[in-house]
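Trainee: Pasting the sequence and the predicted coordinates here, then a few questions.
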Amino acid sequence: MAPPLPVLYSFRRCPYAIRARLVLAAAGLEPGVDLELREVHLGRKPPELLEASSAATVPALVLPADAGADPQGSDRVLPDSLAVMAWALERHDPGDLRRTEAAARERARIAALIEENDGAFKHHLDRFKYAHRHPGDDGEQHRRDALAILRGWSASLETGGWLVGGRPSLADVALLPFVRQFRLADPEGFDRQEDLAPLQDWLQRFLQGAELAAVMAGPWAPRRPWRSQQWIYHLALAEEWQEAKARGVYERSTRGRSLQEVGFIHASGSHQVEATYGRFYADAPEVLLLTIDPRRLGAPLRWEPAPESGECFPHIHGPLPLEAVLAAEPFPPPPAGAPC
Ligand SMILES: N[C@@H](CCC(=O)N[C@@H](CS)C(=O)NCC(=O)O)C(=O)O
């Protein structure tokens with residue numbers, strides 16, 4: 001069997017995820033071949049991401065344990081774009097994006113630009129672009145503050161050039177997706193800034209280049225949680241799940257029957273969900289699929305045969321604690337929309 005691929009949790013238009021995908025591509029790592037690319041719905045994060053990374057932001061790269069080196073080893077998680085980019089370039093940096101051979105001052109300049117982008121520029125960008133999320137803040141002032149930073153970057157660019165040392169560096173790759181996002185908030189306003197001509201040219205080359213087009217194209221896995229054999233699943237009526245959340249514990253066994261009546265809570269393995277839904281829930285109004293981490297159950301879990309078919313199903317012999325439920329999602333999942 002082929003060894004599992006690293007998994008990149010991503011979101012198509014997230015600037016952090018875009019820069020990670022750009023650098024992975026620059027390092028020669030191809031989605032679908034060298035890594036699995038999973039498009040995340042940020043409002044319904046898959047349990048695997050929640051489990052892997054406490055920040056649960058994208059991008060996050062999960063590197064499978066090296067079973068050869070350490071049979072007991074566990075997956076390694078790179079929880080943010082900086083870690084993903086560093087890992088990728090550590091493996092292969094054909095364009096010397098990190099400037100390993102250049103003067104230390106170039107590397108310091110790269111680090112300082114990324115820090116300014118991820119700190120002050122992102123701060124102003126969010127408060128200008130998403131002004132409605134920051135009531136009381138002066139969005140226009142944040143736009144001016146962001147523009148002042150852009151002017152500084154523009155002044156350091158020769159027309160047709162790059163931020164550090166006359167050829168592309170990690171600073172360009174790391175900052176461009178954020179400047180793209182700033183422009184998208186008000187393209188005409190951005191293009192009207194005559195004193196930003198070198199920066200506009202730098203951005204346009206990026207927007208029209210093959211690298212960006214490649215990382216914005218597929219192959220994307222659909223936006224829904226990925227089933228995993230390590231979890232078990234339970235179909236719940238939305239109303240009963242809401243009640244359980246209010247009470248602090250879930251004690252329904254299956255549709256129309258309680259834990260007290262049956263003695264255990266019915267559940268399904270990852271391969272059994274659709275059939276269970278078809279047998280018992282297809283005509284129910286609002287159904288949720290609960291993804292359950294068996295390690296967080298207080299009660300015993302036993303795989304036991306169903307009397308009619310003999311097929312084994314997981315049974316939870318006690319109440320289901322809310323903290324064992326990694327996700328509660330409408331089932332069947334709503335149709336995947338176009339990534340925005
Ligand atoms: N410092 C992180 C920031 C990543 C980040 O904030 N990503 C956003 C999407 S653009 C996210 O995942 N937001 C979801 C959340 O915060 O729950 C990095 O460099 O990767």
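Mentor: Thanks, I have the structure now. Residues are numbered from 1 along each chain as shown.
Trainee: Just say helix, strand or coil for the residue nearest the centre of the chain.
Mentor: Residue closest to the mean C-alpha point of the chain, counted by CA atoms, centre = their mean, is Val58 at 3.3 Å. Recorded secondary structure, Val58: coil (DSSP: H, G, I helix; E, B strand; the rest coil).
Trainee: My guess is it contacts Arg13. True?
Mentor: No - applying CB atoms under 8 Å, one finds Val58 not in contact with Arg13, separated by 10.6 Å. (C-beta placed from N, C-alpha, C; glycine too.)
Trainee: OK, contacts around the residue nearest to the centre of the chain?
Mentor: Contact analysis of Val58 by CB atoms under 8 Å, 6 or more residues apart in numbering lists Tyr9, Ser10, Phe11, Cys14, Tyr16, Ala17, Val40, Leu42, Leu49.
Trainee: Tally up the residues packed near the fifth one, please.
Mentor: Burial of Tyr16 is recorded as 22 neighbouring residues (other CB atoms under 10 Å).
Trainee: Equivalent analysis for the first one, please.
Mentor: Neighbour count for Tyr9, taken as other CB under 10 Å: 25.
Trainee: In terms of helices and strands, where is it?
Mentor: Using DSSP states H and E, Tyr9 sits within strand 7-10.
Trainee: now do the fifth one
Mentor: The secondary structure element spanning Tyr16 is helix 15-26 (assigned by DSSP H and E).
Trainee: mean confidence for the following helix or strand past that helix?
Mentor: For helix 15-26, the following helix or strand on the C-terminal side (DSSP H and E) is strand 36-39. On average, the pLDDT along strand 36-39 is 87.
Trainee: what do you get for stretch 246-259?
Mentor: Averaging pLDDT residue by residue across stretch 246-259 gives 96.
Trainee: Any idea how far apart the tips of that stretch sit?
Mentor: 17 Å (CA to CA, to the nearest Å).
Trainee: same thing with stretch 45-58?
Mentor: Across stretch 45-58, first to last residue, CA to CA, it's 10 Å.
Trainee: For it, which residues meet the burial criterion?
Mentor: Across stretch 45-58, burial judged by 16 or more other CB atoms under 10 Å covers Lys45, Pro46, Pro47, Glu48, Leu49, Glu51, Ala52, Ser53, Ala56, Thr57, Val58.
Trainee: sorry, back to before: centre of the chain versus the helix holding Tyr16, how much separation?
Mentor: Here helix 15-26 is found 13 Å from its chain centre; the criterion is CA atoms, centre = their mean, to the nearest Å.
Trainee: other SSEs contacting that helix?
Mentor: Other elements packing on helix 15-26 under the criterion 3 or more CB pairs under 8 Å, 6 or more residues apart in numbering; DSSP states H and E are strand 7-10, helix 81-91, helix 170-185, helix 210-216.
Trainee: Contacts for the strand holding Tyr9 next, please.
Mentor: By CB under 8 Å, 6+ apart, the list of residues contacting strand 7-10 from outside reads 17, 20-21, 24, 31, 35-40, 46, 48-49, 52-53, 58-62, 84.
Trainee: at 10 Å instead, please
Mentor: The contact list for strand 7-10, computed with CB atoms under 10 Å, 6 or more residues apart in numbering, reads 16-18, 20-21, 24, 29, 31, 34-40, 45-46, 48-49, 52-53, 56-64, 75, 77-79, 84, 215, 220-221, 226, 339.
Trainee: that older thread, of all the helices and strands packed on helix 15-26, which gets the most neighbours per residue?
Mentor: Of these, the one with the most neighbours on average (mean count of other CB atoms under 10 Å) is strand 7-10, at a mean of 24.
Trainee: okay, it in PDB with CA atoms only?
Mentor: Provided in PDB are the C-alpha atoms of strand 7-10 (Å, rounded to 0.1, in the frame of the first residue of the first chain):
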ATOM      1  CA  VAL A   7      -2.600  16.500   4.100                       C
ATOM      2  CA  LEU A   8      -2.900  20.300   3.500                       C
ATOM      3  CA  TYR A   9      -6.000  21.900   5.000                       C
ATOM      4  CA  SER A  10      -6.600  25.000   3.000                       C
END
